[in-house]
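Undergrad: how would this look folded up:
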Amino acid sequence: MNSVARLENTMTPPDERRMIRDAMDRLLTGNVLRSTGALTIVSLAQEAGVKRHLLTHRHTDLKDEFYAKVRAQGKVPQSEVALRDRVKAHDESLEELRTTVRQLRSENEALRRMNNVLAIEKAGAEEALKEVLGGGVTSIFRKGGGR
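TA: Alright, predicted model coming up:
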């Protein structure tokens, strides 16, 4: 049994509430002892030394109070900052990929046109060759595909 579980088994609700409020104050002031300092319920539970379900099921008023204080501070939680940075990076990457796709489509269309022109020129050259040789060209391969 870990120390958090032992603490939880011996704590009374008033003790839990006091520990959660103390942890809330530490997180909001940036003086963390046990957590990453992120302004989240997970960090609050870690900082208080309690399981998260105590905040999400038993002490929901403290969870709501914590979120209200976070909003009142006007700070954006670090986890949200990280997510926003990831979204921005993904958006930039997506735009680069869209540009590449547009370029490749354009190149593909040009290559198709070139291929069509070459096919027409080849057909014309074959016709001209037949006229020059008078149709006297014989295949070196036997009929049926073998040699």
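Undergrad: next structured bit after the helix or strand bottoming out on mean pLDDT in the chain?
TA: Across the helices and strands of the chain, mean pLDDT, DSSP states H and E gives its lowest value to helix 3-10, namely a mean of 51. Next along the chain after helix 3-10, taking DSSP states H and E as the criterion, comes helix 13-29.
Undergrad: Contacts for that next one, please.
TA: With C-beta atoms under 8 Å, 6 or more residues apart in numbering as the test, helix 13-29 has contacts from 8, 11, 32-35, 37, 39, 43-44, 47-50, 54-55, 58-59, 62, 65-66, 69-70, 73. Bear in mind the C-beta positions are built from the backbone N, C-alpha and C, glycine included.
Undergrad: Tell me the first helix or strand C-terminal of it.
TA: As assigned by DSSP H and E, the chain's next helix or strand after helix 13-29 is helix 41-48.
Undergrad: who touches the helix or strand that comes right after that next one?
TA: Heading C-terminal from helix 41-48, the first helix or strand you meet, by DSSP H and E, is helix 52-53. The contact list for helix 52-53 (C-beta under 8 Å, 6+ apart) reads 41-42, 45.
Undergrad: and the angle for the longest helix along the chain with helix 41-48?
TA: Assignment by DSSP state H gives helix 78-133 as the longest helix of the chain. Put simply, helix 78-133 runs at 140 degrees to helix 41-48, going by axes from the mean of the first three to the mean of the last three C-alpha atoms, to 10 degrees.
Undergrad: Quick check: Val32 touching Ala48?
TA: No. Using C-beta atoms under 8 Å, Val32 is not in contact with Ala48, being 11.0 Å away.
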